[in-house]
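> With the input below, show me the fold.
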Amino acid sequence: MPIKIANSLPARAVLESENIFVMTEYRALHQDIRPLRLAMLNLMPTKIVTETQILRCLSNTPLQIEVDLIQTSSYTSTHTPEDHLLTFYKTFDEIRGNKYDGFIITGAPVEKMAFEDVDYWAELCSIMDWTRTNVHSTLHICWGAQAALYHHYGIPKYLLPEKISGVFSHRVLKPRENLFRGFDDVFCAPHSRHTETRADDVRANPELTVLAESDEAGLYIAEARQGRQIFVMGHSEYDADTLKSEYFRDLGKGMDPHIPSHYFTDDDPMKPPVVSWRSHGQLLYTNWLNHYVYQTTPYDLTRM
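Reported below is the predicted structural model:
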């Protein structure tokens, strides 16, 4: 899927070097099709890394996508250059009048805090409410998924005794669900979090369906409103070295992190990671775009 992005976005050079199809604005304007309109609310402090990872996963189907990058106005990231935010990011006030085929809400490193204590919680709640009427399908990732399940359905999160970090095996519970087209019955996905949303709490709500889970990592994917809302507890978009970087970052801070599970060769941090989730991650985003966005979204978004 060619992604229409600004020529100077840093992700463009990275993606093109990986032979991923990105499209210049000029070329996009001269194609006689309606591109899918997506927006991504990027809550991660390292926004350039996150936007590149997710854009990579959105890039492998034959449709054109336009992506708006969104940041909160009630909290400004200090880990991303200001000129990058000013050049490439919009605030919710700037896009609240728009309609989107798809919307992505990322994770955020605030999971140990109560939801209401997060600086931008009120703004995030407004955005999540807005997605119910202005977005055809919303994909929530990690803390973004926990936040949405709490806000929309009252599902709590729980602090874990120790951080879940690593690559874990998961079972597909609804194999006929379109989200799992091409999946094996068992697949791997990375997790990196200090809290959990419990599958039993999700199952207790008749509006929600658990789609995949792990014996070690717990709930992985749930959905509501026939796929209008997807909740993913892991990080299928992670690069090969993301968990490695997190592990050595925490070591450098004087912490005593556990070695990420099922990740390094022979569980040795001095050896390279084993990438076992890339095909699953690509399929997850491709299936979401095809079956939950493109196949069912109205051509005229004003009719949403």
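> List the residues that contact the nearest residue to residue 47 once chain neighbours are set aside.
Excluding its sequence neighbours, the residue lying closest to residue 47 (CB to CB, 6 or more residues apart in numbering) is residue 80, at 4.4 Å. The C-beta positions use only the backbone N, C-alpha and C, and glycine is treated the same way. Taking CB atoms under 8 Å, 6 or more residues apart in numbering, we find residue 80 in contact with 45, 46, 47, 48.
> change it to 10 Å
Taking CB atoms under 10 Å, 6 or more residues apart in numbering as the criterion, residue 80 is in contact with 42, 44, 45, 46, 47, 48, 49, 50, 51, 71, 88, 89.
> quick one: the helices in the chain?
10-17, 25-29, 47-57, 82-88, 92-95, 121-134, 143-153, 199-203, 242-252, 278-287 (DSSP state H).
> neighbours around the closest residue to residue 261 other than its chain neighbours, how many?
In space, and not counting its chain neighbours, residue 261 is closest to residue 166: 3.0 Å by CB to CB, 6+ apart. Neighbourhood size, residue 166 [other CB atoms under 10 Å]: 21.
> Most neighbours among the contacts of residue 80, which one?
Neighbour max across the contacts of residue 80 (other CB under 10 Å) = residue 42, 27 neighbours.
> Would you mind measuring from the residue nearest to residue 261 to residue 245?
To residue 245, residue 166 is 14 Å away according to CB to CB, to the nearest Å.
> hey, which strand is longest across the chain?
Ranked by residue count and defined by DSSP state E, the top strand of the chain is strand 158-172.
> rewinding a little: can you redo the helices of the chain as JSON lines with distance to residue 113 and mean pLDDT?
Below are the helices of the chain laid out as JSON lines (distance: least, CB to CB, whole Å; pLDDT from 0 to 100):
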{"stretch": "helix 10-17", "distance to residue 113": "29", "mean pLDDT": "77"}
{"stretch": "helix 25-29", "distance to residue 113": "39", "mean pLDDT": "59"}
{"stretch": "helix 47-57", "distance to residue 113": "19", "mean pLDDT": "92"}
{"stretch": "helix 82-88", "distance to residue 113": "23", "mean pLDDT": "80"}
{"stretch": "helix 92-95", "distance to residue 113": "21", "mean pLDDT": "95"}
{"stretch": "helix 121-134", "distance to residue 113": "9", "mean pLDDT": "97"}
{"stretch": "helix 143-153", "distance to residue 113": "10", "mean pLDDT": "98"}
{"stretch": "helix 199-203", "distance to residue 113": "19", "mean pLDDT": "98"}
{"stretch": "helix 242-252", "distance to residue 113": "18", "mean pLDDT": "95"}
{"stretch": "helix 278-287", "distance to residue 113": "27", "mean pLDDT": "94"}
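> Ok, which of these comes nearest residue 178?
Relative to residue 178, the nearest member of the helices of the chain by CB to CB is helix 278-287, separated by 6.1 Å.
> thought residue 76 was touching residue 84?
No: assessed by CB atoms under 10 Å, residue 76 is found out of contact with residue 84, at 11.8 Å.
> Looking at the two, which one has more neighbours?
Set side by side, residue 76 and residue 84 show more neighbours around residue 84, with 17 against 14, by other CB under 10 Å.
> show me what contacts the nearest residue to that one once chain neighbours are set aside?
In this structure, residue 84 finds its nearest non-sequential neighbour in residue 48, 6.6 Å apart by CB to CB, 6+ apart. Going by CB under 10 Å, 6+ apart, residue 48 touches 9, 10, 11, 14, 42, 79, 80, 81, 84, 88.
> Closest one of the residues you listed to residue 224?
Using CB to CB, the contacts of residue 48 come closest to residue 224 at residue 42, 22.7 Å.
> Now that that closest one has come up, it's in contact with residue 71, right?
Yes: contact criterion CB under 10 Å: residue 42 and residue 71 qualify, at 6.4 Å.
> lowest-confidence helix or strand of the protein?
Lowest on mean pLDDT, DSSP states H and E among the helices and strands of the chain sits helix 25-29, with a mean of 59.
> in this protein, which residue is closest to the centre?
residue 141 (3.9 Å; CA atoms, centre = their mean).
> Kindly confirm whether my reading is correct that it touches residue 235.
Yes: judged on CB under 10 Å, residue 141 makes contact with residue 235 at a distance of 7.0 Å.
> I am finished for the moment; much appreciated.
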